[in-house]
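Visitor: Structure, please.
(one chain, ligands or ions: 1)
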Amino acid sequence: MATPLVVSEVAKSFTMHLRDGIRLPVVANVTFSVKAGECVVLGGPSGVGKSSILKMLYGNYGVDEGQILMEHDGKLVNLATAEPRTVLEVRRATLGYVSQFLRVVPRVSALDIVAEPLQARGVAIEDARARAAELLSKLNLPTALWSLPPATFSGGEQQRVNIARGFITDHKILLLDEPTASLDAKNRAVVVEMIAEKKAKGTALIGIFHDEEVRDAVADRILDVSAFSPRKAAA
Ligand SMILES: Nc1ncnc2c1ncn2[C@@H]1O[C@H](COP(=O)(O)OP(=O)(O)OP(=O)(O)O)[C@@H](O)[C@H]1O
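Guide: Numbers count the residues shown, from 1 in each chain. So this is what the prediction gives:
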């Protein structure tokens, strides 16, 4: 599909149950699409709803209204209303996510954490590990660390393991939540290059990048999330 992601009239508010059920509207009428090979960056001031949109796209936050349409397994799926089992299936095969922080699994080596999403898609363990090793060396993670669980790694080392894990599969849609926040200039440049490679392969990318240099290097389009502020919609 030339447009792997179509978001239409999505609205979200939070209900504060411990505060007499006060409703806090966050975004309304969120409408945009992302083409294959395009990288759209969510922009706008702090607290405007960028992370909330990314979490809705991944199915971590519920959606009050609207549609999040993705082509998955030859069918159109509305992630806003999909069953949890479908959401998990879409994540395995179609929708990737690089979060800001690595979720460390005790006793699992960095190499296997990176290889796991490929294994989950049926790739033989040795092939998955070989691809994981390629990515970890591209991201300059010292080989001495590959066999260790990343719990004791530095912030930047953990982030590189997380990036390798998110980039190892060829998901059609990839969400990026500040993937370069803890990286030095050399590794930021590697990630910029890896994003360009994904674009060339036709992946649709949506990301949050606070680093202006990275943002300008990767963005085809910056979507100002203030346009979806409920106050603006009501005006
Ligand atoms: N789980 C939650 N429960 C209640 N309120 C929330 C929740 N998540 C986000 N919010 C609120 O929604 C608003 C938008 O937050 P969000 O994290 O999406 O903004 P952001 O644009 O990503 O900000 P930043 O650039 O500072 O990371 C904020 O006012 C925040 O307090």
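Visitor: pLDDT of the host helix or strand of A217, averaged?
Guide: Counting by DSSP states H and E, the element that carries A217 is helix 212-218. Mean per-residue pLDDT for helix 212-218: 95.
Visitor: who's in contact with the following helix or strand past that helix?
Guide: Counting by DSSP H and E, the next helix or strand C-terminal to helix 212-218 is strand 221-224. Contact with strand 221-224 is made by 32, 38-44, 215, as judged by C-beta atoms under 8 Å, 6 or more residues apart in numbering. The way it works is simple: take the backbone N, C-alpha and C, and place the C-beta from them, glycine included.
Visitor: cutoff 7 Å now
Guide: Strand 221-224 has contacts (C-beta atoms under 7 Å, 6 or more residues apart in numbering) with 32, 40-44.
Visitor: now swap in stretch 73-84 and tell me
Guide: 10, 59, 63, 66-70, 86-87, 90, 93.
Visitor: Export those to a markdown table and append columns for pLDDT.
Guide: Below are the contacts of stretch 73-84 laid out as a markdown table (pLDDT from 0 to 100):
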| residue | pLDDT |
| --- | --- |
| V10 | 97 |
| G59 | 95 |
| V63 | 95 |
| G66 | 97 |
| Q67 | 98 |
| I68 | 98 |
| L69 | 97 |
| M70 | 96 |
| T86 | 96 |
| V87 | 96 |
| V90 | 96 |
| A93 | 92 |
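Visitor: Selecting buried members of these in PyMOL, what would you type?
Guide: To isolate the buried members of the contacts of stretch 73-84 in PyMOL, using 16 or more other C-beta atoms under 10 Å:
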select buried, resi 10+59+63+66+67+68+69+70+86+87+90+93
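Visitor: So which of the contacts of stretch 73-84 belong to strands?
Guide: Mapping the contacts of stretch 73-84 onto strands (DSSP state E) picks out 10, 66-70.
Visitor: A11: what's it in contact with?
Guide: By C-beta under 7 Å, 6+ apart, the residues touching A11 are 27-29, 64-66.
Visitor: Please read the previous query as pertaining to L135.
Guide: Contacts were defined as C-beta under 7 Å, 6+ apart; by that measure L135 touches 114, 164, 167-168.
Visitor: what two of those residues have the greatest distance between them?
Guide: Pairwise distances across the contacts of L135 (C-beta to C-beta) peak at 9.1 Å, for the pair V114 and F167.
Visitor: who's more crowded, the two?
Guide: Using other C-beta atoms under 10 Å, the more surrounded residue of V114 and F167 is V114, with 30 against 25.
Visitor: three-state assignment of the more buried one?
Guide: Classification of V114 by DSSP: H, G, I helix; E, B strand; the rest coil places it in helix.
Visitor: picking up where we left off before, what are the buried residues along the helix holding A217?
Guide: For helix 212-218, by 16+ other C-beta under 10 Å, it's 214-215, 217-218.
Visitor: Pick the one among those residues closest to A204.
Guide: Closest approach to A204 among those (C-beta to C-beta): V218, at 13.0 Å.
Visitor: how much space between the closest one and R129?
Guide: Look at V218 and R129: by C-beta to C-beta, to the nearest Å, they are 28 Å apart.
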